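K.L.:
Give me the fold of what follows.
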Amino acid sequence: MFTFQISISRLIIAHYQKNCNIRSYLKFVGKNLFFKVQGQKEGVPRKPDPTAVLQIAGEMGATPEETIYIGDSEVDIRTGHAAGMRTIGVSWGFRSRAVLKEANAAYIVDTAQELLEL
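P.N.:
Okay, here's the model as predicted:
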């Protein structure tokens, strides 16, 4: 187990789906909650290539070893592994618990509260 502490000023969203309305989500949760919100950028490879998440971690002054990558798909877990980050799969999103387990997520949680309990 590891100690998981949230620093609200250091939460990010790295989002790459074209059909998802991230603006609606940010209106719901508040855009000031996040350190950075980044979508697909020209010249930056898509996940599972770790380029984007490594750039964002660097902007935050964080090393991959001290960064946790949380995602809801096997692609997210592969991205975190490729970046050298610890991974947490969330079972309430795009893929099932079984898919996240097969992708070798270090942890899989079923609720947001469980993130705080790790």
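K.L.:
could you pull out the strands for the protein?
P.N.:
12-14, 36-38, 68-71, 86-90, 107-109 (DSSP state E).
K.L.:
Which residue, other than its chain neighbours, is closest to residue 48?
P.N.:
In space, and not counting its chain neighbours, residue 48 is closest to residue 78: 3.9 Å by CB to CB, 6 or more residues apart in numbering. To be clear about C-beta, it is placed using only N, CA and C from the backbone, and glycine gets the same treatment.
K.L.:
worst average pLDDT in the strands of the chain?
P.N.:
Among the strands of the chain, strand 12-14 has the lowest mean pLDDT, at a mean of 58.
K.L.:
where are the low-confidence patches of the chain?
P.N.:
1-39 (pLDDT under 70).
K.L.:
if I look at residue 113, how far off is residue 69?
P.N.:
Between residue 113 and residue 69 the distance is 19 Å, computed by CB to CB, to the nearest Å.
K.L.:
ah, wrong one, I meant residue 48
P.N.:
Look at residue 48 and residue 69: by CB to CB, they are 11 Å apart.
K.L.:
again with residue 58
P.N.:
Counting by CB to CB - residue 58 and residue 69 are separated by 14 Å.
K.L.:
Same check on residue 91?
P.N.:
Distance from residue 91 to residue 69, by CB to CB: 16 Å.
K.L.:
So for these two, which residue has more residues nearby?
P.N.:
Per other CB atoms under 10 Å, whichever of residue 91 and residue 69 has more neighbours is residue 69, with 25 against 18.
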